[in-house]
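Undergrad: Give me a model of this one.
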Amino acid sequence: MLADHMQRERNSFSLLRLIAALAVLVSHSYLVVRGPGPVQPLDGVMPYNLGQHAVHIFFIISGLTLSQSWHRNPDAWMFVVSRVARIFPGLLALGLVFSFAIGLAMTNQDRAAYLVEGHTWSYPLALLLFFEDAVPPHRVFEEARMAGEANVPLWTIKYEVFAYIMFVAVAFCGMLSRLQKSLIMLAMIATIFTLISVHPEFARSFPVLESLARFGTCFMIGVCLYAARDRIPTSPWLLVLLVPLLLSGDEVVAKLLSFLAATVVALVLGTSTYGPLTRWASRTDVSYGTYIYGWPIQQVLAVTFPAIGMPLHLLLSLTLVPAAGYISWRLIELPALAAKDRWKRGRPALVPLAEEGASG
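TA: The predicted structure is shown next:
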């Protein structure tokens with residue numbers, strides 16, 4: 001059962017997050033090397049491509065592991081501090097690296113003019129507020145096929161932050177204290193997603209709502225998995241549940257089945273162990289750094305080597321980006337997570353209104 005694999009040393013969820021981040025790199029190589037519009041892996045075969053499936057897995061694992069974290073320490077203040085420490089220091093460091101290293105090297109304007117330009121200095125802080133909508137330093141990546149695009153993947157982080165906010169709010173109010181309540185919330189969000197999918201013109205008019213419902217469904221699947229952890233099997237035979245996705249002809253049904261597929265992959269692969277890889281990933285979580293540094297490094301490769309082919313671009317991306325993720329983890333993310341413990345001293349716990357964590 002899933003409950004038997006929730007200890008860090010008995011699962012590979014950190015490793016699976018890294019694999020998902022690498023899958024996003026694969027998808028984005030098609031955009032970076034070939035420009036807008038090329039078919040990415042799984043396009044036309046499933047309702048979502050490889051990178052989109054990977055993001056679904058991110059949200060499912062997030063809902064699962066954050067539920068466990070809350071169950072162990074239902075302190076709303078420390079939950080918020082931990083999430084801030086996990087997301088924003090790495091993002092700020094990315095902005096500084098981009099403005100004063102990547103951007104400085106890749107801009108087409110005079111270096112002196114670049115260094116006094118307002119967006120060069122505001123970009124690191126703007127990332128913390130606007131994510132992918134932050135205006136980057138001027139005239140960077142102008143020759144790229146995805147011209148001027150600085151950090152496309154960051155658009156999903158705002159939905160992750162929103163999921164954190166909603167999670168701590170409803171958990172603090174005791175609304176996730178039982179499996180039944182979690183399932184009701186999942187059903188509500190999935191129903192909203194289904195209604196939006198049935199009317200695609202609504203999704204085009206309100207893409208933010210569509211993304212909220214889509215990622216919210218995945219996140220709540222993870223929450224429900226943890227609530228029902230004593231009843232959820234993890235057998236590899238669950239992979240047979242992927243077959244209906246390949247057979248479905250209805251787009252809306254196929255989208256819902258794709259969430260089931262991502263759940264099955266997360267359960268089967270995430271609850272398996274892979275020896276040294278699992279042990280290394282449980283101590284060294286480079287998935288976030290890999291995700292946020294992927295796009296700018298891939299853009300640098302495409303601009304520096306304009307004739308680069310897809311195989312070489314992928315090889316270099318899958319080598320250089322995780323290395324950047326490791327540096328981010330060691331120098332920024334890990335110290336930030338360690339520093340959060342100082343906030344515990346001399347402060348009473350902000351406990352929820354109802355006892356959390358029951359699975360019945």
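Undergrad: Now I292: phi and psi?
TA: phi -80, psi -30 (degrees, to the nearest 10).
Undergrad: count of residues packed around it?
TA: 26 (other Cβ atoms under 10 Å). To be clear about C-beta, it is placed using only N, CA and C from the backbone, and glycine gets the same treatment.
Undergrad: just the one 5 residues further on next, same as before
TA: The burial count assigned to I297 is 20, neighbours taken as other Cβ under 10 Å.
Undergrad: what does S205 give?
TA: 10.
Undergrad: I'd say R83 and Y164 touch.
TA: Yes. Using Cβ atoms under 8 Å, R83 is in contact with Y164, at 4.7 Å.
Undergrad: which residue packs closest to A93, ignoring adjacent ones?
TA: Nearest residue to A93, sequence neighbours excluded (Cβ to Cβ, 6 or more residues apart in numbering): I332, at 4.5 Å.
Undergrad: so how far is L15 from that neighbour?
TA: 21 Å (Cβ to Cβ, to the nearest Å).
Undergrad: likewise D133?
TA: 31 Å.
Undergrad: can you check V161 too?
TA: 24 Å.
Undergrad: Could you check which of these two is surrounded by more residues?
TA: More crowded of V161 and L15, by other Cβ under 10 Å: L15, with 22 against 15.
Undergrad: Let's test this: mean pLDDT of the helix or strand that contains the more buried one, rounded?
TA: Element membership for L15 (DSSP states H and E) is helix 13-34. Mean per-residue pLDDT for helix 13-34: 95.
Undergrad: so how far is S29 from P311?
TA: Taken as Cβ to Cβ, the span from P311 to S29 is 10 Å.
Undergrad: And the two? Which one has more around it.
TA: For P311 versus S29, neighbours defined as other Cβ under 10 Å are more numerous around S29 (27 against 10).
Undergrad: OK, contacts around the more buried one?
TA: Q298, M310, H313, L314, S317 (Cβ atoms under 8 Å, 6 or more residues apart in numbering).
Undergrad: Can I get those in a markdown table including secondary structure, neighbour count and distance to L225?
TA: Formatted as a markdown table, the contacts of S29 follow (DSSP: H, G, I helix; E, B strand; the rest coil; neighbours: other Cβ atoms under 10 Å; distance: Cβ to Cβ, whole Å):
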| residue | secondary structure | neighbour count | distance to L225 |
| --- | --- | --- | --- |
| Q298 | helix | 25 | 32 |
| M310 | helix | 14 | 36 |
| H313 | helix | 20 | 36 |
| L314 | helix | 19 | 32 |
| S317 | helix | 24 | 31 |
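Undergrad: Helix, strand, or coil at P38?
TA: Three-state assignment for P38 (DSSP: H, G, I helix; E, B strand; the rest coil): coil.
Undergrad: list the contacts for the nearest residue to it once chain neighbours are set aside?
TA: Excluding the flanking residues, the one nearest P38 by Cβ to Cβ, 6+ apart is Y30, at 4.8 Å. Counting by Cβ under 8 Å, 6+ apart, Y30 makes contact with P38, V39, Q40, P41, M310.
Undergrad: what's the distance between V208 and G216?
TA: V208 is 12 Å from G216, where distance means Cβ to Cβ.
Undergrad: go on, Q299?
TA: To G216, Q299 is 30 Å away according to Cβ to Cβ.
Undergrad: Of these two, which one has the most company?
TA: Q299 (26 against 23).
Undergrad: how distant is the helix or strand encompassing that one from the center of its chain?
TA: Q299 belongs to helix 287-304 when assigned by DSSP H and E. Taking Cα atoms, centre = their mean, to the nearest Å, one finds helix 287-304 lying 15 Å from the centre of the chain it belongs to.
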